[in-house]
Each structure stands twice: as structure tokens, then as C-alpha cells.
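Asker: One predicted model, sequence on top.
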Amino acid sequence: MKTLNPKSTVEEAATTNYTPVINKFSTAPVSPYLNYDSRFLQQAQPEFIFPEGANKQRGRFELAFSQIGTSVMIGGGIGGLAGIYNGFKVTTALKQTGKLRRTQLINHIMKQGSGTANTLGTLAVLYSACGVLLQFVRGEDDHVNTVIAGSSTGLLYKSTAGLRRCALGGAIGLSISSLYCLYLLAQENSMKASPKFL
């Protein structure tokens, strides 16, 4: 009776039954488990599948979720850092030590972090809602929508603080959104001017 040695059987199968397939894009042989004709894999196809006539760039509504979440997280981080600074300042002035100082520091971090996160999150929600609404009404997404959305966000956010502060909030929103649009235009112009290498 012939005994089977697993090691020799595997080596035999690897050497006798394996026909290396050479990929047309590289000279390395493909695995014996992936013995296929590489011509069936068309490498020139797009990476993502889009429906017929769909835009290949995400619209404002799709970008709104990431913008709101990023704003909340950045606000929490900035507020937390400000809370650490204020907490150390207050606890040092009151000469607190030990558990009391640690508790006061945590209170400052949580209070200031959540407040700043809520503020930036609210601004992001207002900006995104105005941008989505403008895109829906105007039927296009351009820099005009960005400037109008930024201005209206400032106006709406400070609308309960009186006419003067409302105008100041609108002016701040207009200036920030205008600077952002100028940055985007400069970036687009530099991309057009730079040589493209393939």
C-alpha cells in the first residue's frame, strides 16, 4: 500500500499542474488559484459605478453630513483645549489640589467643549441647509451659492441679538465665504496652469 506524504503531494501538485499565467501589466506569475485570463479584467473602467447621467461629484446634501460632523468634532476639540486652559487658570487662582482640582478641570473641559461644539455644529447645520436649499432653488452648485449661504448663515445665527449684531454676523459670514471662494478659485486656476503629467 502506498503511503501519501502530504509534503511531497503538495510540491508535486504545485510543480506539475501549475501553468503560470503572466499578467499583461506585470511580469510576475499569477497565483495557481487565480488562473485566469487577464484580458477579461478591463483596467480602464472607472473605479466607481454611477447611474446614467449622474454627477460624478458629491452634491451639497451629501457633503452636509461630513461638514456638520467635522464642525462638531473641531468645536469639541477647540472648546476642550480652551477648557483646559481656563480650568488650570481658575484652579491655580483658587489654590485647589487633588481630586477637587481634577473634578474642576473635567467640568471646565466638558462645559466649554460642549458649548463650542454646539455653536460650530449649529453654524454648520445652518450653512448646509442654506446651501442645499439654494442648490435646489437655483438648480446649480457654484460659488454664488457659497457666498449667499455664508451670508445668510451669519444673518440667521445672530438674528435674535438685534439688528446691529445681525448685520455684523452677516458681514462676517460674507467675508469668510468670500475668502473661501477666492481660495477655491485660486486653486482651480493653479490646477489649470500646472502641466499635467500622465
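Answerer: Looks like it arrived, so ask away. Because the structure is predicted, anything quoted here is derived from the model rather than measured. Numbering: from 1, shown residues only.

Asker: per-residue confidence for the closest residue to residue 170 other than its chain neighbours?
Answerer: Once flanking residues are discounted, residue 170 sits nearest to residue 155: 4.0 Å by CB to CB, 6 or more residues apart in numbering. (Glycine included, C-beta is placed from N, CA and C.) Residue 155 carries a pLDDT value of 94.

Asker: does residue 155 sit in a helix or strand, and which one?
Answerer: For residue 155, the host element (DSSP states H and E) is helix 143-157.

Asker: Identify each buried residue in the helix or strand just after that helix, please.
Answerer: Sequence order places helix 163-193 as the next helix or strand after helix 143-157, per DSSP H and E. By 16 or more other CB atoms under 10 Å, the buried positions in helix 163-193 come out as 166, 169, 170, 172, 173, 174, 176, 177, 181.

Asker: And the average pLDDT for helix 163-193 is what?
Answerer: Here helix 163-193 scores 91 as its mean pLDDT.

Asker: Which other helices and strands does it contact?
Answerer: helix 143-157 (3 or more CB pairs under 8 Å, 6 or more residues apart in numbering; DSSP states H and E).

Asker: okay, the angle between the longest helix along the chain and helix 163-193?
Answerer: Identified as the longest helix of the chain according to DSSP state H is helix 98-138. Going by axes from the mean of the first three to the mean of the last three CA atoms, to 10 degrees, helix 98-138 is angled at 70 degrees with respect to helix 163-193.

Asker: I'd like the numbering to begin with 48 instead of 1 from here.
Answerer: Shifting the count to begin at 48 puts that one at helix 145-185.
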